[in-house]
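Novice: Here is the input, now give the coordinates:
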Amino acid sequence: MSDFLNKFSKKDYKEHPEERPKVEEKPKIEEPSIKVEEVKKPLTTQAEVKQSEPVVKQKARASHQEPEEVHIDPSYRRNQRNKIIISLVSVVVLLAISFGAFYLINQVEVPDFVNKPYSELKTWASRNNVTLETDSQYSLDVFKDYVIEMDPVSNSKIQKGSILRVVVSNGADPDEQIPVPDFTGNSYSQIQEWLSTNKINNLRITYENNEEIPVNEFVRIVFNDKTITSDTYTRKDYGLIYISNGPVVYEKNIEVPDWTTTNVNVSVVEAWGLEKDVEIVVKLVNSTTVPLNGVINQSVSPKTMVSKKSTITVSVSLGQVVTVPDFSKMSKEEAQAVTLNNAIVKYVEMYQPATGAKFGDYIWQDVKAGTDVNQSSATKLVITVYYSLGRPYLSMLTGNESSIPSTIYNFNLDSAKFTYEIKYVNSEETKGSIVSMTPTNQFVDPGQHIVFEVSNGIDPTP
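Specialist: Just a heads-up that it's a prediction; the model follows:
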């Protein structure tokens with residue numbers, strides 16, 4: 001190759017002109033800069049561009065060198081311009097695609113939160129970078145803290161970071177006055193339906209045992225504030241509605257003892273009932289064989305299992321029964337000899353009018369003859385039998401006037417029922433002495449009025 005290159009020395013270049021490359025003759029370029037002539041012929045195909053002859057320009061060389069030939073592609077500027085346009089269009093398209101993609105990616109679809117908890121909406125908004133602008137209002141149709149409406153509406157698409165306006169329910173108005181009806185005869189479900197319809201949360205339902213009202217029926221209502229009535233009730237007021245749970249049902253785990261074999265005293269049975277919470281009903285029965293207060297029989301057999309609140313009836317002996325006699329058929333002496341079991345007999349004598357009973361005769365008794373007196377009576381029966389003292393006799397009362405009150409009092413203890421008065425008269429008798437009495441020295445009827453004359457100590461003679 002070095003031999004080949006040596007041919008192109010300055011000397012050889014002149015001596016071997018036939019080996020020089022043929023160069024198209026061009027006008028001499030005087031400017032130091034290179035001008036590229038524009039080729040006006042349009043480029044039809046890529047093959048044509050490649051086959052077109054390049055325009056050669058000579059670069060200025062030093063004075064001792066030959067000018068160097070430069071080949072210029074006539075489509076260069078056009079290609080450069082096309083590249084710039086394509087680049088700009090690509091950038092614009094890329095930006096548009098990027099913006100569109102960002103816009104689409106940054107959008108979220110609003111789910112339907114109407115009639116759903118506001119807390120769910122808050123969670124969704126927080127995750128999707130959506131700001132909530134919240135308002136509230138009372139509502140009977142939407143639960144408290146649930147969504148009533150949204151703006152934009154559900155299924156709309158919004159940008160992240162935008163505002164979603166929401167109306168949240170405060171529930172029913174707590175200050176609204178709602179008269180409470182009479183629930184007598186209503187069941188639990190009927191009352192619950194009324195509470196739900198009227199959005200009342202502060203009236204709670206509770207159960208209590210009741211022996212008279214059927215299961216699940218209304219028993220009573222109690223408001224926390226005693227000043228509240230069924231007519232003035234509002235939603236914010238509290239209270240309890242009691243529903244019947246029926247009678248209490250207890251397990252039968254109490255064994256009944258045997259009280260009849262040994263005629264146990266009823267006090268023992270009653271103590272057992274109190275301890276076991278079993279009701280003991282005592283039925284008193286006359287008996288000549290079982291001691292007083294002894295159990296004769298029982299309604300529940302021994303060793304039977306019963307529950308709390310059960311009822312057992314026991315028949316208890318009244319002991320020996322004594323009948324009150326007819327004292328009118330006895331003399332006073334015979335009557336005073338009578339004694340009665342668990343009874344007290346009192347004998348009273350009393351004055352009688354002229355038409356009344358004679359002295360010593362029976363008058364009446366305050367307990368009817370034939371009445372039974374038993375040993376189990378808590379208090380002894382008192383029987384009073386009355387006998388006659390005949391008519392009272394008034395003897396002349398002498399002495400000082402101080403004896404008048406005591407004399408009348410003693411008569412009246414035996415039902416004489418006397419009344420009296422004292423008149424003071426002039427008399428030579430000692431002052432205060434009884435001068436006379438009217439009537440005197442005779443029989444009188446009970447209730448007689450007696451007049452006493454008492455001396456005032458003044459001599460009536462001139």
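Novice: Pull out the buried residues from stretch 394-406.
Specialist: Within stretch 394-406, the residues scored as buried using 16 or more other CB atoms under 10 Å are 394, 397, 401, 404. Heads up, the C-betas are built off the backbone N, CA and C, glycines and all.
Novice: Identify those among these that sit within strands.
Specialist: Members of those lying in strands (criterion: DSSP state E): residue 394.
Novice: so residue 415 touches residue 350, yeah?
Specialist: Yes. Applying CB atoms under 8 Å, one finds residue 415 in contact with residue 350, separated by 3.9 Å.
Novice: okay, now the domains of the protein?
Specialist: By the assignment in automatic domain parsing, the chain contains the domains 2-74, 107-169, 188-244, 254-317, 322-388, 393-455.
Novice: May I see these organised as CSV, with mean pLDDT and distance to residue 89 added?
Specialist: Converted to CSV, those look like this (pLDDT from 0 to 100; distance: least, CB to CB, whole Å):
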stretch, mean pLDDT, distance to residue 89
domain 2-74, 49, 20
domain 107-169, 91, 27
domain 188-244, 94, 65
domain 254-317, 93, 98
domain 322-388, 88, 123
domain 393-455, 94, 146
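Novice: Distance to residue 91 added to the ones you listed, as JSON lines?
Specialist: What follows is these, written out as JSON lines (distance: least, CB to CB, whole Å):
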{"stretch": "domain 2-74", "distance to residue 91": "26"}
{"stretch": "domain 107-169", "distance to residue 91": "24"}
{"stretch": "domain 188-244", "distance to residue 91": "62"}
{"stretch": "domain 254-317", "distance to residue 91": "94"}
{"stretch": "domain 322-388", "distance to residue 91": "119"}
{"stretch": "domain 393-455", "distance to residue 91": "142"}
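Novice: Can you pull out the residues in contact with the one helix or strand residue 423 maps to?
Specialist: Following DSSP states H and E, one finds residue 423 within strand 419-425. The contact list for strand 419-425 (CB atoms under 8 Å, 6 or more residues apart in numbering) reads 401, 404, 408, 435, 447-456.
Novice: Is residue 184 in a helix, a strand, or coil?
Specialist: Going by DSSP: H, G, I helix; E, B strand; the rest coil, the secondary structure assigned to residue 184 is coil.
Novice: what about it, neighbour count?
Specialist: Number of residues near residue 184 (other CB atoms under 10 Å) recorded here: 10.
Novice: Repeat that for residue 106.
Specialist: 13.
Novice: buried stuff in the strand or helix carrying residue 243?
Specialist: Secondary structure from DSSP H and E places residue 243 in strand 239-244. Neighbour-count burial for strand 239-244 flags 239, 241-244 (criterion: 16+ other CB under 10 Å).
Novice: and it, what other elements does it pack with?
Specialist: The contact analysis (3 or more CB pairs under 8 Å, 6 or more residues apart in numbering; DSSP states H and E) places strand 239-244 against helix 188-197, strand 203-208, strand 218-223.
Novice: Sheet-wise, list the partners of that strand with their directions.
Specialist: According to DSSP bridges, strand 239-244 has the following sheet partners: strand 203-208 (parallel), strand 218-223 (antiparallel).
Novice: rewinding a little: which of the contacts of strand 419-425 are buried?
Specialist: Buried subset of these (neighbour count, 16+ other CB under 10 Å): 401, 404, 408, 435, 448, 450, 452-455.
Novice: just those now: which is nearest residue 255?
Specialist: residue 408 (71.9 Å; CB to CB).
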